[in-house]
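S.K.: next come a sequence and a model predicted from it.
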Amino acid sequence: MMQVGALPAAKKRFGQNFLVQPYIVERIMDAIRPDRQDVLLEIGPGPGALTQKLLQALDHLTVIELDRDMIPGLEALAIPGQMTILQADALKVDFARLGDSDKSLRVVGNLPYNVATPIIFHILESVERIQDMHFMLQKEVVERMVAAPGSKTYGRLSVMIQAWCEVESLFTVGPGNFFPAPKVDSAFMRLLPCKPVLLTDCLRPAFTRIVTSSFAQRRKTIANNLRGIFSAEQLQSLDIDPSCRAETLDQAAFFRLAEAFAEQGSQQ
């Protein structure tokens, strides 16, 4: 484990929990398996435990770090020209403009738990550029992302993220592998964008509206949550039982609902 005394102070406002266990870093590298020519982007490198390993495996690495106090330490890890450091908020970065426009982006990061989900959906706005994403997140959030219909953790986040990507939880990481130790378990996950993109630009607003409305009140039936959008007869015509609840519907059902809703809007 890295020497805690050598680490910079973690800042609560940035949600910083630095990965300090070399074994976990090696497991991450095994999961990513970077090629030297990859256009790889690391979000939130902090003191650079993973960054050091990535630099050994890549010809060039781009990192996004919000905390300006981390920048000098990161600069010291690379030889000139080997690393591009963006001191920026990942939520404000245009991922479509990063790196070589002819190559797909690979993204990895230990994301602050308070902004992890917004960051992922922000990156997905440039999904055509993304080859894959690997993130360390709160275990509970990962469980919701990978959840299947009918499970207690299946909900709006499950449906929305699975509309964009194949989602896989790779391994769990305990609090003791970080400094300071978080109060929850973490999990390392993989996101593989669907090819071709299923959630097209024209369908996205309708899909978001339908999914949000469907899970607005989990105890209510789909007919009640979508009242004013679809009648019971319309739901039946889409092969959806009006008395069921949203958490029982699979991805295909939500796409049917979104497509029907989008078609209604185009006819008005």
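M.R.: Received the coordinates, thanks.
S.K.: how about R144, what does it touch?
M.R.: R144 is in contact with 153-155, 157-158, counting by Cβ atoms under 8 Å, 6 or more residues apart in numbering. In this view, the C-beta of every residue, glycine as well, is placed from N, C-alpha and C.
S.K.: rerun that using 10 Å as the cut-off
M.R.: Counting by Cβ atoms under 10 Å, 6 or more residues apart in numbering, R144 touches 117, 137-138, 151-158, 161.
S.K.: domain-wise, how is the chain divided?
M.R.: The chain is divided into the following domains under automatic domain parsing: 4-193, 204-267.
S.K.: where among these is average confidence lowest?
M.R.: For the domains of the chain, the bottom mean pLDDT is recorded on domain 4-193, which sits at a mean of 90.
S.K.: tell me where the stretch 101-250 of the chain has helices.
M.R.: In order along the chain, the stretch 101-250 of the chain carries the following helices (DSSP state H, counting those that start in this stretch): 116-124, 139-146, 156-164, 204-214, 222-225, 232-237.
S.K.: next, format those helices as CSV and append distance to D250.
M.R.: Formatted as CSV, the entries for the helices of the stretch 101-250 of the chain read as follows, by distance: least, Cβ to Cβ, whole Å:
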stretch, distance to D250
helix 116-124, 20
helix 139-146, 14
helix 156-164, 9
helix 204-214, 12
helix 222-225, 13
helix 232-237, 15
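S.K.: closest one to C194 among the ones you listed?
M.R.: In terms of Cβ to Cβ, the element of the helices of the stretch 101-250 of the chain nearest to C194 is helix 156-164, at 6.6 Å.
S.K.: buried set for stretch 31-50?
M.R.: Buried positions in stretch 31-50, judged by neighbour count with 16 or more other Cβ atoms under 10 Å: 32, 34, 38-50.
S.K.: counting by contacts, list what the helix or strand encompassing T62 packs against.
M.R.: Mapping T62 onto the secondary structure by DSSP states H and E places it in strand 61-64. Identification of packing neighbours for strand 61-64 by 3 or more Cβ pairs under 10 Å, 6 or more residues apart in numbering; DSSP states H and E yields strand 39-43, helix 49-57, helix 71-75, strand 83-86, strand 105-110.
S.K.: pull the number of nearby residues for F207.
M.R.: For F207, the neighbour count with other Cβ atoms under 10 Å is 22.
S.K.: hmm, T200 and it touching each other?
M.R.: Yes: with contact defined as Cβ atoms under 10 Å, F207 and T200 form a contacting pair (9.3 Å).
S.K.: between the two, which contacts overlap?
M.R.: With contacts defined as Cβ under 10 Å, 6+ apart, the residues shared by F207 and T200 are A262.
S.K.: quick revisit: among the contacts of R144, who's most crowded?
M.R.: Neighbours were tallied for each of these (criterion: other Cβ under 10 Å), and the maximum of 25 neighbours falls on L137.
S.K.: skip the chain neighbours and tell me the closest residue to it.
M.R.: Nearest non-adjacent residue to L137, counting by Cβ to Cβ, 6 or more residues apart in numbering: A116, 5.1 Å away.
S.K.: and the one you found, what does it touch?
M.R.: Taking Cβ under 10 Å, 6+ apart as the definition of contact, the neighbours of A116 are 15, 43-44, 109-110, 135-138, 141-142.
S.K.: and which of the residues you listed is nearest S126?
M.R.: Of all those, I43 has the smallest distance to S126: 13.5 Å, by Cβ to Cβ.
S.K.: quick check: the residue nearest to the closest one when sequence neighbours are not counted vs G228, distance?
M.R.: Residue nearest to I43 in three dimensions, not counting chain neighbours: G109, with 3.3 Å by Cβ to Cβ, 6+ apart. Distance of G109 to G228, given as Cβ to Cβ, to the nearest Å: 40 Å.
S.K.: quick one, which of those two is more surrounded?
M.R.: Set side by side, G109 and G228 show unequal neighbour counts under other Cβ under 10 Å, the larger going to G109 at 23 against 7.
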